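>>> Show me how the following folds:
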Amino acid sequence: MSTPENAGAVYRRYLSAVMLHGHASAKAVDLGATDLYALNILTLSGALTPGELGRRTGLTTGPTTRLIDRLEQAGYVRRVPDPGDRRKVIVEPIATPSGLDEVLAPARDRIAAIIQQYSPEQRGVLFDYFANAATAYQEAADELRGRTAAESD
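Below is the predicted model of the structure:
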């Protein structure tokens, strides 16, 4: 299979669809997209300091505090003393939004059916891409945030 001439447009369409699905999923469980993304970060990473959560979401201190407040009030996270330094707190996930699995199931099932059409070797390449692309996007986002912060100084 060769790369299509409109590969850039195909990829942008894919990324937009993923982003729009994330927004629709968040809305379906009565969360803002950033709140759901932050909860996902916590679920995947485990407990984080508010500062680290802010860095990973790209939020400054004030919006990070409000995000944690919203998630805590909804019962999805809690603030606990950092066992290594009791002057600090960490934010740990304690629940997921009710109905989130049901909201995500249609897309998850559709994507699983697509992935099953590929050979085991091709699936290996796909998942290798997902892992490497996630790192690349995270690094690029960090660079952009660093550039933006430097420009605002």
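>>> quick one: least confident helix or strand in this structure?
helix 120-152 (a mean of 87; mean pLDDT, DSSP states H and E).
>>> just so I have it, where are all the strands in the chain?
With strands called from DSSP state E, the chain shows them at 77-82, 85-93.
>>> can you put these in TSV and add mean neighbour count?
Bear in mind the C-beta positions are built from the backbone N, C-alpha and C, glycine included. Listed next are the strands of the chain as TSV, based on neighbours: other C-beta atoms under 10 Å:
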stretch	mean neighbour count
strand 77-82	15
strand 85-93	14
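>>> Switch those over to CSV; also include mean pLDDT.
Converted to CSV, these look like this (pLDDT from 0 to 100):
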stretch, mean pLDDT
strand 77-82, 95
strand 85-93, 92
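>>> need the ones you listed in CSV with distance to residue 62, can you?
Compiled in CSV, the strands of the chain are given as follows (distance: least, C-beta to C-beta, whole Å):
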stretch, distance to residue 62
strand 77-82, 16
strand 85-93, 15
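>>> For residue 15, find the nearest of these.
Minimum separation from residue 15 across these (C-beta to C-beta) falls at strand 85-93, 25.9 Å.
>>> what's next to the closest one, contact-wise?
Strand 85-93 has contacts (C-beta atoms under 8 Å, 6 or more residues apart in numbering) with 39, 42-43, 46-50, 53, 68, 71, 76-82.
>>> please redo it, this time with the cut-off set to 10 Å
For strand 85-93, contacts defined as C-beta atoms under 10 Å, 6 or more residues apart in numbering pick out 38-53, 64, 67-68, 71-72, 76-84.
>>> tell me the angle of it relative to strand 77-82?
160 degrees (axes from the mean of the first three to the mean of the last three C-alpha atoms, to 10 degrees).
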